[in-house]
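Chemist: I would like the atomic coordinates for the input below:
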Amino acid sequence: DEKNNIETSEKMQQAGIRIVYSQPGLKVHAKIALVIRNLPDSAADTAYLSTGHFNAKTARSYSDMGLFTGRSGIINELKLFFSLLEGENKTTDFKTLLVSPFNMVEE
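Modeler: Residues are numbered from 1 along each chain as shown. Model prediction:
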């Protein structure tokens, strides 16, 4: 439901949430949130990774997995991942995350 997604993302942006979509030619099919808190302790940063669509209709057919974490290795790689999507960096050498097409298949 793209119309609903667009409306929801606009509401989120109005609330101060920064939305990162993708680069042209790179399809992102993930539900990821990275909460970076402006506190002296970077251990307060939190990430959410999910396979889910957050759709009430499909939830009746199958379940998705979600993970909340404060693990620094995941947090740091998500920061790299988001900067990759924004075109700020070209790093595709992920050690903790599996990011297709960069490290899902051995060459």
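Chemist: look up how far residue 60 lies from the most centrally placed residue in the chain.
Modeler: Residue closest to the average C-alpha location in the chain (CA atoms, centre = their mean): residue 32, at 2.4 Å. With distances taken as CB to CB, to the nearest Å, residue 32 is found 24 Å from residue 60. All C-beta atoms are positioned from the backbone trio N, CA, C, and that covers glycine.
Chemist: what is the residue nearest to the centre of the chain paired to in the beta sheet?
Modeler: residue 49 (DSSP bridges).
Chemist: report pLDDT for it.
Modeler: pLDDT for residue 32: 87.
Chemist: which stretches of this protein have low pLDDT?
Modeler: 1, 41-43, 53, 106-107 (pLDDT under 70).
Chemist: and the strands in it?
Modeler: 31-35, 46-50, 66-69 (DSSP state E).
Chemist: deepest-packed of the ones you listed, please.
Modeler: Compared across these, strand 46-50 shows the largest average neighbour count, a mean of 16 (mean count of other CB atoms under 10 Å).
Chemist: residue contacts, residue 3?
Modeler: For residue 3, the contact set (CB atoms under 8 Å, 6 or more residues apart in numbering) is empty.
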